[in-house]
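[1] just a sequence and a predicted model for now, questions to come.
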Amino acid sequence: MATPDRQTPPENDLSDPRAARRHKLGLIAERGIDPWGARFDDRRFIGDVRKMSDQVRFQTADGQTRELPDFDAGDVDYRQWKADNGPGTETGPQVRVAGRIMLSRPAGKLIFLTIRDWTGDIQIFIGKKQVGEQDFELAKLFDLGDLIGVDGRLGRTNTGELTVFAEKLHFQAKMLDVPPDKHAGLNDPDLKQRMRYADLAFNDGVLQTFLDRTKIVKSIRRTLDEDRFCEVEGPTLHTIAGGAAARPFVTHHNALDMKLFLRIALELHLKRLMVGGIERVYELGRVYRNEGISVRHNPEFTMLEAYQAYGDYESMMDLTERLICNAIEALDGRYQRPFGDKTVDFTPPFQRRTYADLFQQYAGVDPGDAEAVRRLADSIGLDTADKHPDVVKNEVFEARVEDALEGPIFVIDYPASICPLTKRKADNPEIAERFELFVCGMELANAYTELNDPDLQEQLFKTQLEGMEEEDSMAHMDRDFVRALRHAMPPAGGLGVGIDRLVMLLCGQKSIRDVILFPVLRPE
């Protein structure tokens, strides 16, 4: 495919494919046809047209109408079938379709095209006799990648392929650049993401991934709406970067002469709404973290956060499981899903294991033995200097345990000291009622029984602030949030789900950049 910065060649140099396309553009305009198309009402999506295949019939000479066999199965020869059932005439419904030309096969006074819209592909038969001299000459000016409309009859060719037999052609737009090579394709990851329009249009499966993403998001909203959650829109500009431990993007508001932060989480504003009486609330939106880029991280990503009054972290486990299973049903209902060289079984119920048990199993030391944990951390190269024992323990957990979690598995009951927004277990204040959901070593969801004690919350904030650097997101207390808690927030369960990672897992994509339409890229 031509690189984006290549200069347009002189229009008279028809050896250059782009110049040849511009020349055809001019010839189309000379015919009095707008080469950039016009309104094209009443067309059917190609996927819907393909479902009309059972309306293609064979009428015998004696007037009998016969349904055609399933030629798409590949075990019936159409020519032989017609010979056995003929003489007769094929009949089919009139259809109107539009799409991008993906394949062209001229054959004398016939041209076979394959066009594609966002629901599928279909073959187009263009015969000079059927469309007339004018439209057949127009068809000779078509290039791969052009957009066209077709009126015609749905039927089958002699090979049994479902086809629209064109009767009238409508030119809709000329592609002036050159499409990717059919075999080499558009394979460079950076170029695919930079030129997402070409990736979607020409690389098989890409469009379907993003259409599936839409189905997943719609399913999530539908599940929450059915559970009477209220969707809201919180602010994306915050005066304090709170709700998570992350480095924020910083901006400046000129009129008020104040620093603002792009939000790193949705949590604290949603909890304010629970105080105000919105007992089941969620937001599905973008958050921003000024951190590294990898196959699992993008600085701008989509997060679901949901809060349920009078629930707890077990309520959130049930909700998370339901959200994922309903999303699978919205896709295709297959609970065994490929992910790289693995197959993940999402059949509920998901496994539930405690943080301590998993630490003992995979790290090989007692998580309650701080010295043993620190020695292990030192032996695997972790920096333990001046760190709280639970912070060291969690770094070991991340290094030794998480990658071993094939899942889906709910890891429950985390050390309380690393969960400042979480309610402690009544019978063990050292343990927080928190879970993280892991699949293939990747964290997919995080949830708490929410802390609603304002005095304890203020105390934990102060403890957490000690020694933090000024630019750290958790280095400033959200005093208004503490004030809100003093107005009584109901006991609640809260949940956060990384939507991009969920789409990765359900669509079998190994990189987050392949499920985000426009990931962050370096300048060209």
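    Looks like it came in fine.

[2] what distance do you get for residue 39 to residue 18?
    28 Å (Cβ to Cβ, to the nearest Å). Any C-beta I mention is one placed from the backbone N, CA and C, and that applies to glycine too.

[3] these two: who's more crowded?
    Remark: of residue 39 and residue 18, residue 18 carries more neighbours, 18 against 4, as counted by other Cβ atoms under 10 Å.

[4] and that one, how far from residue 524?
    On the measure of Cβ to Cβ, residue 18 and residue 524 end up 19 Å apart.

[5] over to residue 105?
    Distance, residue 105 to residue 524, using Cβ to Cβ: 36 Å.

[6] which parts of the stretch 401-524 of the chain are strands?
    Taking DSSP state E, counting those that start in this stretch as the criterion, the stretch 401-524 of the chain carries its strands at 409-415, 424-425, 428-439, 442-449, 492-498.

[7] so which of the ones you listed comes closest to residue 337?
    Across those, residue 337 has its closest neighbour in strand 428-439 (9.8 Å, Cβ to Cβ).

[8] parallel or antiparallel, list what pairs with the closest one.
    Looking at strand 428-439 with DSSP bridges, its partner strands are strand 409-415 (antiparallel), strand 424-425 (antiparallel), strand 442-449 (antiparallel).

[9] can I get the CA coordinates of that strand in CSV?
    Output of strand 428-439 as CSV, limited to C-alpha atoms (Å, rounded to 0.1, in the frame of the first residue of the first chain):
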residue,chain,number,x,y,z
ASN,A,428,-10.0,-10.1,60.7
PRO,A,429,-9.2,-6.4,60.1
GLU,A,430,-5.9,-7.3,58.5
ILE,A,431,-7.9,-8.6,55.5
ALA,A,432,-9.8,-6.4,53.0
GLU,A,433,-13.0,-7.6,51.3
ARG,A,434,-11.6,-7.2,47.8
PHE,A,435,-11.3,-9.4,44.7
GLU,A,436,-9.5,-9.2,41.5
LEU,A,437,-10.6,-11.4,38.5
PHE,A,438,-7.7,-12.9,36.5
VAL,A,439,-7.8,-14.6,33.1
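
[10] give the buried residues for it.
    Neighbour-count burial for strand 428-439, counted by 16 or more other Cβ atoms under 10 Å, picks out 431, 432, 433, 434, 435, 436, 437, 438, 439.

[11] export the residues you listed to TSV and append columns for pLDDT and distance to residue 30.
    Output for those, formatted as TSV (pLDDT from 0 to 100; distance: Cβ to Cβ, whole Å):
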residue	pLDDT	distance to residue 30
431	95	78
432	95	74
433	96	74
434	96	70
435	97	68
436	97	65
437	98	62
438	98	63
439	97	58
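
[12] give me phi/psi at the residue nearest to residue 342 when sequence neighbours are not counted?
    Excluding the flanking residues, the one nearest residue 342 by Cβ to Cβ, 6 or more residues apart in numbering is residue 440, at 6.2 Å. For residue 440, the backbone dihedrals (degrees, to the nearest 10) come out as phi 50, psi 40.

[13] same check, this time on residue 278
    phi -80, psi 100.

[14] packing partners for the host helix or strand of residue 149?
    If you go by DSSP states H and E, residue 149 is part of strand 147-156. If contacts are counted by 3 or more Cβ pairs under 8 Å, 6 or more residues apart in numbering; DSSP states H and E, strand 147-156 sits against strand 88-91, strand 94-107, strand 110-117, strand 120-127, strand 162-173.

[15] direction included, what does it pair against?
    Take DSSP bridges as the rule and strand 147-156 pairs in its sheet with strand 94-107 (antiparallel), strand 162-173 (antiparallel).

[16] which of the ones you listed sits most buried?
    Ranked by mean neighbour count, the strands paired with strand 147-156 are led by strand 162-173 with a mean of 20 (mean count of other Cβ atoms under 10 Å).

[17] gap between that one and the chain center?
    Mean C-alpha position of strand 162-173 versus that of the full chain (Cα atoms, centre = their mean, to the nearest Å) differs by 32 Å.

[18] now the strands for the stretch 201-350 of the chain?
    230-231, 237-238, 250-253, 258-262, 280-288, 300-309, 336-339, 342-345.

[19] would you mark the buried spots in the fifth one?
    If I follow you right, that is strand 280-288. Neighbour-count burial for strand 280-288 [16+ other Cβ under 10 Å]: 280, 281, 282, 283, 284, 285, 287, 288.

[20] does the second one touch residue 269 like I think?
    So the one you mean is residue 281. No: using Cβ atoms under 8 Å, residue 281 makes no contact with residue 269, being 9.6 Å away.

[21] and residue 488, how many neighbours does it have?
    10.

[22] residue contacts, the residue nearest to the spatial centre of the chain?
    Centrality entry for the chain: nearest residue to the mean C-alpha point is residue 213, 3.6 Å, by Cα atoms, centre = their mean. By Cβ atoms under 8 Å, 6 or more residues apart in numbering, residue 213 lies in contact with 503, 507, 515.

[23] what's the per-residue pLDDT of the last one here?
    Looking back up the chat, that one is residue 515. Listed pLDDT for residue 515 reads 96.

[24] could you find the closest non-adjacent residue to residue 243?
    In space, residue 243 is closest to residue 265, 3.1 Å off (Cβ to Cβ, 6+ apart).

[25] run a quick neighbour tally on the one you found.
    23.

[26] may I ask you to confirm that it is in contact with residue 240?
    No: with contact defined as Cβ under 8 Å, residue 265 does not reach residue 240; the gap is 11.2 Å.
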